[in-house]
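# Fold the stuff below for me.
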Amino acid sequence: MRSVVSELHPSVLEHVGLAGAVRAAAHAAGERGGLSVDVHCEEGLRHPQEQLVFTAARELLTNVVKHAAARHVTVRLTGHAGGLRLEITDDGRGIKPASAERAPAAGHIGLASQRIRIESAGGTLTLTPATPCGTRALVDLPPPAL
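Predicted coordinates for the structure are as follows:
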């Protein structure tokens, strides 16, 4: 219970940084879903929207555990030109674009909510098929405005 609460609480970012928080979320998802997990996070990344990236990582990983029927997930967190990029790729059944669009009408608002928050911050959230199977989720956030 304590580890779940600490994973959800924003102070985890203050204690272990964005890379550590994303790494912990990925390993927790792996344990919950019985997945093998590869995590590659650049250390020391700072961005005003790191809480947004962390919550997106948690939501995307939760979707892998709940819906993908995956055996493996790869998580990459990198910086690019002052911005942030989060990539989560699984080897599961994949998501059809129409399914993602219909999800809010069926009461599944997590992904749609994340997309709205990310786009409001000037970023993008894209879901594409992974090769040879599964889903690739990519969150790109621009550098902070000066």
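# Now do the helices in the chain.
Under the criterion DSSP state H, the chain contains helices at 2-8, 11-33, 50-63, 97-102, 110-120.
# residues touching the most centrally placed residue in the chain, list them.
The chain has residue 57 as the residue nearest its centroid, 2.1 Å off, counting by CA atoms, centre = their mean. Residue 57 makes contact with 21, 22, 25, 26, 75, 77, 86, 88, 139, according to CB atoms under 8 Å, 6 or more residues apart in numbering. Glycine gets a C-beta too; all of them are placed from N, C-alpha and C.
# Comparing the helices of the chain by mean pLDDT, which bottoms out?
Sorting those by mean pLDDT places helix 2-8 lowest, at a mean of 49.
# For residue 115, give its distance to residue 44.
Per CB to CB, to the nearest Å, residue 115 is found 27 Å from residue 44.
# Between the two, tell me which one has more neighbours.
Comparing residue 115 with residue 44 by neighbour count (other CB atoms under 10 Å), the higher total belongs to residue 115, at 19 against 9.
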